[in-house]
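Chemist: Pasting the sequence and the predicted coordinates here, then a few questions.
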Amino acid sequence: MNRRNPKRDEALNRYIDIIGGGPAGMMAAIIAAGKGGRVRLWEKNGSLGRKLLATGNGRCNFTNQNISLDNYHGGDRILAGGILDNFGLESTLEFFEGLGLTYYADSRGDISPAATRPHRCCSAWNRKWSGWGWRSICGPK
C-alpha cells in the first residue's frame with residue numbers, strides 16, 4: 001500500500017524564504033530552486049546584486065584566482081576551510097559557466113565577467129532562475 005505522508009506533502013508546498021539578494025542569497029536561491037524548492041528571495045534594496053555590481057571598481061568581480069584560507073581574516077577558520085574545500089575556485093567558475101557567463105582574470109587574479117557591461121553578470125543570474133517559478137521581492141517592506 002502506498003501511503004502519503006501529510007507532513008511531507010505540507011513541507012513541499014511551503015516556500016523557502018531567503019533574506020538578502022546579494023551574491024550569497026542569489027546563489028542559495030538558484031541552488032534551492034534548481035533542486036525543486038519553491039523560493040522567495042527578499043531584498044530591501046530596489047534590485048538584486050547591487051553590491052556585486054560595485055565590486056572591482058564596477059567590474060563585478062565575483063571571485064579571485066588566489067582563493068586561499070591564508071587570505072581569510074574572519075572568525076571561524078575551520079568553517080571557512082571546509083567551505084573552500086567544498087566550493088573552491090573550480091566549483092565557483094563552473095557555477096558561473098552554468099549561468100552562461102564568460103569571464104576573464106586580470107593581472108591581480110580578480111575574475112570578472114567578460115561582458116563589457118557588468119550588469120550582465122546579474123542578468124545571467126536572472127536568466128537562470130526565470131524559468132523556475134521563483135520570485136524576488138525587492139524594496140522596503
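Modeler: Looks like it came in fine. Residues are numbered from 1 along each chain as shown.

Chemist: show me where the chain has strands.
Modeler: Taking DSSP state E, the strands of the chain run over residues 15-19, 38-43, 63-64, 103-105, 110-113, 135-138.

Chemist: mean confidence for the first one?
Modeler: Predicted confidence along strand 15-19 averages 91 (mean pLDDT).

Chemist: That one - which strands sit beside it in the sheet, and in what orientation?
Modeler: Strand pairing for strand 15-19, determined by DSSP bridges: strand 38-43 (parallel).

Chemist: Kindly report the same for the third one.
Modeler: In the sheet, strand 63-64 lines up against strand 110-113 (antiparallel) (DSSP bridges).

Chemist: hey, which of the strands of the chain is tucked in deepest?
Modeler: Across the strands of the chain, the average number of neighbours (mean count of other Cβ atoms under 10 Å) peaks for strand 110-113, which reaches a mean of 21. Just so you know, the C-beta spots here come from the backbone N, C-alpha and C atoms, and that holds for glycine as well.

Chemist: residue nearest the centroid of this protein?
Modeler: residue 27 (1.9 Å; Cα atoms, centre = their mean).

Chemist: Low-confidence regions, this structure specifically.
Modeler: For the chain, applying pLDDT under 70 flags the ranges 1-13, 116-134, 140-141.

Chemist: Output the strands of the chain in TSV, with distance to residue 76 appended to each entry.
Modeler: Converted to TSV, the strands of the chain look like this (distance: least, Cβ to Cβ, whole Å):
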stretch	distance to residue 76
strand 15-19	21
strand 38-43	25
strand 63-64	20
strand 103-105	28
strand 110-113	25
strand 135-138	29
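
Chemist: Which one of those lies nearest to residue 84?
Modeler: Using Cβ to Cβ as the measure, strand 63-64 is the one of the strands of the chain that comes nearest residue 84, at 11.2 Å.

Chemist: Now find how far off-centre that closest one is within its chain.
Modeler: Here strand 63-64 is found 14 Å from its chain centre; the criterion is Cα atoms, centre = their mean, to the nearest Å.

Chemist: ok, now stretch 73-89?
Modeler: With Cα atoms, centre = their mean as the basis, the distance from the averaged C-alpha position of stretch 73-89 to the chain average is 17 Å.
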